[in-house]
Every structure is written in C-alpha cells, then in structure tokens.
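>>> would you be able to build a 3D model of this:
(2 chains, ligands or ions: 2)
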Amino acid sequence: MAVLIYTQNYDGKFKKSVFELVTYGKSVADMLGTDVVAVTTGNIDDNTAKELGKYGASKIVKITNSELNDFSAQAYASAIEQVAKNTDAEVIVFGNNPHGRAIAPRLSVKLTAGFVAGAVALPSSTSPFTVRKRVYSGKAFADVLIKTDKKIISLNQNSYKTEENPVDAGVEEFTAEIPANAYAVKPVEVIKSGGKLSVTDAEILVSGGRGLKGPENWGMIEEMAEILGAGTSCSRPVSDLGWRPHSEHVGQTGKVVAPNLYIAVGISGAIQHLAGVNGSKVMVCINTDPDAPFFEAADYGIIGDAFEVVPKLNEAFKKFKAEN
Amino acid sequence: MKALICIGHVPDTTSKIKFTDNDTKFDTTDIKYIIGPYEELALTRLLDLRDAGNEMHITTVTVGLQDTEPTIRKALAMGADDAVRVNAEPLDDYYVAKQIAEVFKNGDYDFIVTGKESIDHNGSRLDGMIAEFLDLPSISGASKFDIDNGKIKAEQEIEGGTLVLDVSGKFVISAGKGFCPEPEPRIPNMRGIMTARKKPLQVTEPAEAEALTETVKYHLPEPKPACKMIDPENPEELVKLLHEEAKVI
Ligand SMILES: Cc1cc2nc3c(=O)[nH]c(=O)nc-3n(C[C@H](O)[C@H](O)[C@H](O)COP(=O)(O)OP(=O)(O)OC[C@H]3O[C@@H](n4cnc5c(N)ncnc54)[C@H](O)[C@@H]3O)c2cc1C
Ligand SMILES: Nc1ncnc2c1ncn2[C@@H]1O[C@H](COP(=O)(O)O)[C@@H](O)[C@H]1O
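Ligands and ions are numbered 1, 2, ... in the order given. You can find the predicted model right below:
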C-alpha cells in the first residue's frame, strides 16, 4: 500500500506547491499507516528528486520515457497508472492545476477510483473516506465520500502548509509502456509565458480594476508588486479592454487564485470576480466607493482614491521592507 | 463536422447558496438555473465558427431530469441544431461522463466539447473522464479553438506556457479562457426562441453505471468578521496590521 503523489517538475525543478502536495500526502499516509511515493517525469537529477524526501516521500519514481517530454494526458495517465499498480497505491494525490486537471480524471476511470477535485483539507476520516472540497465557486464547501477502494484527490494550491518531515528517500527509475494512440493530439510547440511570477504561483497578488482608468496607471501597481515580491492580476474588464494581458485575469471566467494576500485596487468586487479570489487568506480593498461590494468580502479596507492612497502605501511598504 | 457539446444546468452565478435536510441537499428555492458559463461560451464559439462558413452540426447533451429542459431549449435558441437529454439525476461526474460517452458512441460525432468546469461542483473532471471511457485524446482547458480550411487548431494552457497542438481524429476538448475570443455569450433572438421549440430534443434512458463519490454534507464558509477600515491618511496602519495581525507580510 502507498500514497502516491504526482510531483510535476518544471525543467528539472520543483515548485513550492509540489512540497505542499508531498506534505499533504505524508499526512494522509500517516492516517493510513503507510508510506509516500512520489512520481515524476523527465530530466531531473537525483539530488533534486531527493528534495521530496525532506517533506516525507520515502521513494521517488522517475519515469524516464522520452515521449513524455511532450505532454499528452493519455500518455501521462497511462504511465502513472502503471506506477500506481506497481506501488499498490491506495490514494493518489495531484495538484488542482493544469496537469492535474488533465491527468487525474483519466486515471479515475482507468482505476475506477473515486475522485475529489479541489480538496481544501485532509480527509476528515479515512474510513469512510471523506474529503472537503470547494463548491459553488467558493460560496460553500462539501464533504465528499469516496466509495471505492482506490481514491484520487486533487488539492487546491495554498490550502496545505508545507512542513519538513525528513526521510532518506530512494530514487528508482521506471520505463512505462506508452499506448500507441497516446499522441493523436500532439504538441508541436510550447509557448513559454516568460519569467514573470504567474498569478497562481504568487503568494501575494496586487490586483487592479477598471477604477485605475487606463493601462498607463499600472506603474504604481507594479511598483507595489515589486516591493512586496508579489505578482500582478486584474479584473476581467481590464483584460478585455487590453489594458493588461489575459493571463492576469482572475475570477470565475479567469484564473482561480488563493494567495496569502490579495490587494484589490479599484475593483468593485462583483460576485464573478470574488468567485476567483475568495480563497485568499487575507484580502485588502482600496476603493473610492464605500458601498463597493468588495468591502464586504475584504479583511482590511481603505476608502479613498487609489491615485492618492497607493503611492503613500507604497512608501509605507518600502519603509517596512527596509526595516524588516 | 458533428460536434457534441455538454450543457450543464447550474444555479445562476448570483444565486444565494443555501442547503436543506440538515445540510445534505442543495436548496433549490428561488434558484434560477442557467447554462454553465463555460459551455455557454463554448457553444457561442461553435456558432461563430459555423457562421463564419464552417460546416458544422451542433448537438447538445445534458444529463438531467425534465426540469433541465428550459436550459436545453435556451441552448437550442442560441443556435444548436438538436439536443439529447439523458433522463437521470447527475449523481457524480463519473456517472455523468459514462452517460455522455454512451451518447457519443451511439451517434457519429467528430468531437465532444465541455466547459472547463461546472460552477456548482467545480470539478474540471468531465472531459478527461469521457475521453478515457472512449479512449480518445483530451484537451483540457483549451485556450484557443479554430478551424482553418477544415483543419482544427487548438491550444492548451499548461503551467508556465501554452501548448500548440496538432489535432487529428476524434477528441474531447474542454473550453477554458480564450476558447471563445469574444467572451460575450450569444443572446437568443426572437426567431431563435421560436424555432427552438420545434427543434428535436431526444430523451434517452441512462446506461447502467455507478457513482463513485457522494456528497454527504455541505458547509457554508465561516462568516467573515467585518472589514477593518483604515484611514487613507495613515497607510502605515495597514502595513502594521498586515504584518502583526494578519501575518502575511
Ligand atoms: C458570466 C460572467 C462571468 C464573469 N467573470 C468575471 C471574472 O472572471 N473576473 C472578473 O473580474 N469579472 C468577471 N465578470 C464581470 C463582473 O461582473 C464585473 O463586471 C467586473 O468584475 C467589474 O470589474 P471592475 O471591478 O474592475 O470594474 P467596475 O465594476 O467598473 O469597478 C471599478 C471600481 O473602481 C472604483 N474606483 C473608481 N475610481 C477609483 C479610484 N480613483 N480609486 C479607487 N477606486 C476607484 C469604483 O468605485 C468601482 O468600485 C463576469 C461577468 C459575468 C456576467
Ligand atoms: N449534468 C451534465 N450534463 C451535461 N454536461 C455536464 C453536466 N455536468 C457538467 N457538464 C459539463 O462538464 C463540464 C465540467 O464539469 P465539472 O467536471 O463538473 O466541473 C461543464 O462545464 C459542462 O460542460
């Protein structure tokens, strides 16, 4: 028996969210009295792979097939299925991110394993096996019972804190059999989105809305992000108007984010916007309108003109950063 | 080309969410139902491509009881050609995916489109599950969908970038942001609404399948304490609270 974690590496490196998954998997394994096995693909050196041992993985399986350098949900699901069978995995954990969303549902059908997508906490019990997940775009949570012997969970980013739990991890190589039809849809090019902190990775997001009047006014938003080591995001009309790139659009129809701190400047707080950001730990709203709905969702608010408040706040952040 | 598009029947985004029966059931009182926003945009994209001269037959499929028919009729009024309703309670995504896979097998469709996620269960599971049942490729969260001289062009967002895909044969695709470049859902006109009444809506009985999961209890989030207001003249106060109280900087 084992808890198997899909640990995606990005050009041979792991992101913090992967350590969250391993920590989570370790806690699930402790509940079940079993071990954590991590599975990864591609070119990753053994020392980097062993970093997962710090968070409790006792074995790392490296799938070495070069086919997997091109992404195919079919190929990945099939390779992971083979590892799941070899390790007799009872619970398989993915991140609720693009790879997880593409692979986990396929694996669920392959293994007839009940799948809870978007979990936000540890199972409340393992017998019956019940996990809490986000539903109704964050307006509620549901405790979902998985009825099958094998279980799949995808964990929302930033919902489980990393914790070190060092084990001496062994690395094993594995060559999977890739089904012949796995590349009927084949990636022919990868367009990298550049080195900027992506909105889903950022722990702090500074977000601007239509209240900022135009793209020329984003300098102060970017400055705040820079001071705080934060990413930048925006409301939908801002990306629709072309003021900011689409990759920054958060909300129901954009990206769903859950940073530790979300600072909303000139955003009214429409329900479709909040649906994408209400998983944030702490929210700040800066808005001229005291009746802006965002104030009902925010933890801290400043009623005021962004063009006066933000420069002053940036000075205060700078001073804080210089002293801390 | 023949497209099968999965239309979910979900509470309007602005609905107040409540539960009944000791928090085990969704309270449908005063709830207005709509087409899932992602599939509404996906349908809009298919209609735009058809209007641009691409030959396309669009069939909708919904797993739901009779109360979902107004939602299905709306999709027909937007411009879909015909509809299939699988007469069953959508027990869980595995169950729904199995039903849709059966509908696909019983027709001669070229591809299946779903939304990126439903706004009630927020699963993002259906496309991959349907594809696995049918052993077809799946493109999850497509950020582009176009037809160029009869050839399908698609892109998919992954972490840190975008995959440009070479698509051939049958496939399942879920529509994420960018799938519909003009993200304004098509609004049915009077003629659409009139003709929708006469378009075929076929009702089929569900295939044998089980649900692998079950929601046992719902919870509303803890009510947030009131927002702390900070004097705009004193932003240092906010910095202090974020550091000392919230501990996020
Ligand atoms: C199906 C559907 C899906 C949607 N999905 C999304 C989504 O994913 N993401 C999203 O964001 N929206 C989404 N929307 C749109 C959403 O309903 C709102 O229209 C949108 O979020 C409003 O953006 P905004 O707050 O930037 O602009 P506005 O609503 O125009 O608000 C601007 C705010 O700025 C304030 N302001 C003005 N001047 C200043 C100043 N000088 N200083 C400080 N504050 C100022 C105003 O008081 C106001 O509150 C969706 C809508 C629908 C129908
Ligand atoms: N009962 C249903 N009938 C038809 N399609 C559905 C149903 N439920 C969900 N879908 C489709 O599946 C997509 C993803 O749903 P989910 O996996 O629940 O997030 C939605 O955007 C719809 O296109």
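
>>> any idea which residue sits dead centre in chain B?
residue B:115 (3.2 Å; C-alpha atoms, centre = their mean).

>>> isn't it up against residue B:177?
No - using C-beta atoms under 8 Å, residue B:115 is not in contact with residue B:177; the gap is 11.2 Å. Quick note: C-beta positions are derived from backbone N, CA and C, even for glycine.

>>> any part of the longest helix seen in chain B near ligand 2?
The helix spanning the most residues in chain B, taking DSSP state H as the definition, is helix B:37-51. Yes - contact between helix B:37-51 and ligand 2, assessed by C-beta under 6 Å from any ligand atom, occurs at B:38, B:39.

>>> can you name the next helix or strand after that helix?
strand B:57-63 (DSSP states H and E).

>>> helices or strands up against the helix or strand that comes right after that next one?
Note on strand B:57-63: by DSSP H and E, the next helix or strand toward the C-terminus is helix B:69-78. Counting contacts by 3 or more C-beta pairs under 8 Å, 6 or more residues apart in numbering or on different chains; DSSP states H and E, helix B:69-78 packs against strand B:33-35, helix B:37-51, strand B:57-63, strand B:82-86, helix B:190-196, strand B:201-204.

>>> residues in contact with residue B:183?
Neighbouring residues of residue B:183 by C-beta atoms under 8 Å, 6 or more residues apart in numbering or on different chains: A:240, A:253, B:41, B:177.

>>> next step: those restricted to helices.
A:240, B:41.

>>> next, format the contacts of residue B:183 as a markdown table and append neighbour count and pLDDT.
Output for the contacts of residue B:183, formatted as a markdown table (neighbours: other C-beta atoms under 10 Å in any protein chain shown; pLDDT from 0 to 100):
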| residue | neighbour count | pLDDT |
| --- | --- | --- |
| A:240 | 16 | 93 |
| A:253 | 21 | 86 |
| B:41 | 25 | 96 |
| B:177 | 22 | 87 |
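
>>> please see if the lengthiest strand in chain B touches ligand 2.
Secondary structure of chain B read by DSSP state E shows that its longest strand is strand B:138-148. No - if you take C-beta under 6 Å from any ligand atom as the test, strand B:138-148 misses ligand 2, and the best it gets is 10.0 Å.

>>> now that strand against helix B:37-51, angle please.
30 degrees (axes from the mean of the first three to the mean of the last three C-alpha atoms, to 10 degrees).

>>> strand partners (parallel or antiparallel) of the helix or strand that strand B:138-148 is followed by?
Sequence-wise, the next helix or strand downstream of strand B:138-148 (DSSP H and E) is strand B:151-158. Strand B:151-158 pairs in its sheet with strand B:138-148 (antiparallel), strand B:161-167 (antiparallel), by DSSP bridges.

>>> rewinding a little: go through the helices and strands packed on helix B:69-78 and name the closest to residue B:243.
helix B:37-51 (38.2 Å; C-beta to C-beta).

>>> average pLDDT across the helix or strand harbouring residue B:239?
Per DSSP H and E, residue B:239 falls inside helix B:235-240. Looking at helix B:235-240 alone, the average pLDDT works out to 97.

>>> for ligand 1, tell me whether that helix is touching it.
No - when contact is scored as C-beta under 6 Å from any ligand atom, no part of helix B:235-240 falls within range of ligand 1; the minimum is 13.7 Å.
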